[in-house]
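1. this one's sequence-less:
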Ligand code: ZN
């Protein structure tokens, strides 16, 4: 799978729920895990590989053994805002401190269609928040301070020139 970069419009749209009965679900998830690891990422959401689907994979260590697969997640955030540096495979070269609530409680389905819950206030929780944003069409620069948003303008402009918006190869 190819990672879609900003300013592809699929990254700023709300993704559609996943039909847990679709026969290619396991294959999609497997390919996403492979793509994330090859890209040395710690999270990858459906829209980032041109899939209009509410699912993502995450691994706090970047290793396959630690991957959490979240399909049709529902999240609750709590706690004080904490600062942590983030990057995004769809916005290569941009890293900034982002403030988010300290804790996430996430309920989702795994690839076997079983519901599970995870609560985390560390790095994994931060990744889950970032990836869940992707399912709602929210990119991490929307959570930056005003000064950082101004600071990254040249980087965004460079990405806009590199990745001209065209036809996204969307898969059903
Ligand atoms: Zn991202």
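-> Happy to help now that I have it. Computed from a prediction, not measured in an experiment: that's the story for all the values here. Numbering: from 1, shown residues only.
2. you'd agree residue 73 is in a helix?
-> No: checked against DSSP: H, G, I helix; E, B strand; the rest coil, residue 73 lies outside a helix; its state is strand.
3. start at 46 instead
-> All set: I'll call the first residue 46, so the last point we hit is now residue 118.
4. and it, what is it in contact with?
-> 99, 101, 151-153, 173, 177, 180 (CB atoms under 8 Å, 6 or more residues apart in numbering). C-beta coordinates here come from the backbone N, C-alpha and C atoms, glycine included.
5. what do you get for residue 155?
-> Taking CB under 8 Å, 6+ apart, we find residue 155 in contact with 114, 116, 161.
6. cool, and residue 88?
-> Residue 88 is in contact with 81, 101-104, 172-173, 175-176, counting by CB under 8 Å, 6+ apart.
7. What about those residues, which are in helices?
-> The helices, defined by DSSP state H, take in 81, 172-173, 175-176 from the contacts of residue 88.
8. Scan the contacts of residue 118 and report the most crowded one.
-> With neighbours defined as other CB atoms under 10 Å, the most crowded of the contacts of residue 118 is residue 101; it has 29 neighbours.
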